[in-house]
Each structure stands twice: as structure tokens, then as C-alpha cells.
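**Student:** give me a model of this one.
(chains A and B)
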Amino acid sequence: MARPSSRALGSRRRPISLTPLIDVVFILLIFFVMAGRFSQETRLVLRSSAEPTEDAATPADAPAAPMALVGVDADGALVLAGEPVQPDELAARLPPDAVLVLRLAPALDVETMVSVIDRLRRAGLERLSYLPAAGA
Amino acid sequence: MRRARFVARPRRSMGEPTLPLINVVFLLLIFVLLTSVIERAPPVPVELATSATGASPEGTAPVLYVAEAGVADEAAILDEDGLRRWLEERTPQRVAIRADRRMKAAELFGYVNVLEAAGVGDVELVVLGE
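**Tutor:** Residues are numbered from 1 along each chain as shown, chains lettered A, B, ... in the order given. Have a look, this model is predicted:
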């Protein structure tokens, strides 16, 4: 009697199991969920320097907060009285309720401006207003 | 000598049931559909800046899209008169600006000044949280 060939035996094997496929798909799913970033939209309040920067908690008859004019270069560097300054130094020099008026360079883009706002707020300077440079 | 007889057992399907897989895939699909926000493409293409210190929005506010190409609402690009009419029709106390991160900040504040002059109390810049 002729023995069945190995090919004929292979065709009689059971179908490929789906379980490893599902395992791989779920491992990929977990990888993407862990490695991915779900960005959430947030908001920054913008006030031009013409508008008062009052907090709701500030009483109307309170003395005006001190103001400091700080230049922002096109690359995001801060300049106070003609000298470069870091946000931490600014926070140390100014009183906590000081209003920082940022004079924005004409070539400054929005992305760089937002990164400057982040650096200042991390340093504790929350009261910001903005003054675009003349000729912008 | 009697030879042993091997009787072939009835063949059973050995495949995995695919119904649970389909269920899971459909659950994932429903999850993605329910949690996603589908938005129309704005008339002015905008890429938002990224910020680590932005605050979560409270309530809803009318949205303006601002880029080098100009200003637009969700339907169309607005010229100077169009923006004035937009503000007169809505008289909003808050406006959310979705500004392109590549545009000049001074140009953005040109629009902020227009909004503040029209009586808008809070002008908010929409950014992506880190």
C-alpha cells in the first residue's frame, strides 16, 4: 500500500488558529495606546496692553499693580532694560502681583510667543499683557 | 488474524470562532466614533501651537480661525466688513481664536485689538496641551 505523501498529510492538518493573530493585534493596540499621545485643546487668555489686566479677586479700589515692560525677541529671548533676562530672574526681581507687558518683536511667531508664555507662567508670572512692536 | 479497523471519526471544524473578534472590533469602532470629534475643515488652514500651561475651556465660545491668509469663521473667510458684521450679529463676551502657529504674533494681536475694541471681554487662544 502506498504511503500518503507529506503534502497530502499537510492538507489534512487543522486550519491556522486565529488566537495568535488576535494576540498580536491586541499587543499592537496596547502599544499604540501606551505610546500615543491624546492631545487636549486648552486655552490661553490674551489681553493687549490697552486692556486692564484685573483679576476677579482684585478689589476695584486696590492700588494699581506695578508694571514691567519686557521685550521679546524673534527667537523668544527676553530683554529687560536692554539686557537679556531669564524668566526666573524676572520673577525674583518683580513683586508677585506685577503685570508684565510683553513687547513683541515684529518677526516673533505665535509658536515662539506661546513658548515664552509657558516659560513665564512656569516661573510664576501669570499676569501678562501684550504690546506688539510698532511697525509690525 | 483479524485486522484492526480504523473508523474515521466525523470531521469537526477546528477553526476559532470569529464572532468574539468581530464583537471586539465593533466595540472599538463604536468607542472611536463616540469619543472622536469630527470637525469640518476650516476655510483657513490652521496648525495650533502647543502649550503646557493652557487652561481647560469653560463653556463654549464663538471661534475665529486666524492665519497669514486672513481671518475666517467656520463657514467663510471674513474681510474687514465681514468681521465687523460677525461681531455685531453675535456680540460675544468671549471669542476663541484658533491661530496658525506660524503666523506673526503682531498680526494676531491686530485681530485681538479689533475684538477688544468691539467689546469682547475675553479673547482666548486655542492651543494643544502637552
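**Student:** chain A: helices as residue ranges?
**Tutor:** Using DSSP state H, the helices of chain A run over A:6-11, A:19-35, A:87-93, A:110-122.
**Student:** check which helix or strand covers B:Glu89.
**Tutor:** Taking DSSP states H and E as the definition, one finds B:Glu89 inside helix B:80-90.
**Student:** repeat for B:Leu125
**Tutor:** B:Leu125 belongs to strand B:122-129 when elements are defined using DSSP H and E.
**Student:** got the residues of chain A near chain B?
**Tutor:** A:14-15, A:17-19, A:22, A:29, A:39-48, A:50-51, A:104, A:106-115, A:117-118, A:121-122, A:130, A:132-133, A:136 (CB under 8 Å from any CB of the partner chain). No exception for glycine: its C-beta is placed from N, CA and C like everyone else's.
**Student:** returning to that earlier point: tabulate the helices of chain A (TSV), appending mean neighbour count and mean pLDDT.
**Tutor:** Conversion of the helices of chain A to TSV gives the following (neighbours: other CB atoms under 10 Å in any protein chain shown; pLDDT from 0 to 100):
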stretch	mean neighbour count	mean pLDDT
helix A:6-11	8	52
helix A:19-35	10	73
helix A:87-93	15	91
helix A:110-122	21	94
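**Student:** quick one: closest of those to B:Lys104.
**Tutor:** Closest approach to B:Lys104 among these (CB to CB): helix A:110-122, 7.6 Å.
**Student:** contact partners of the closest one?
**Tutor:** Residues from elsewhere that reach helix A:110-122 (CB atoms under 8 Å, 6 or more residues apart in numbering or on different chains): A:44, A:72, A:74-76, A:78, A:87, A:90, A:100, A:102, A:104, A:128, B:49-53, B:99-105, B:108, B:125, B:127.
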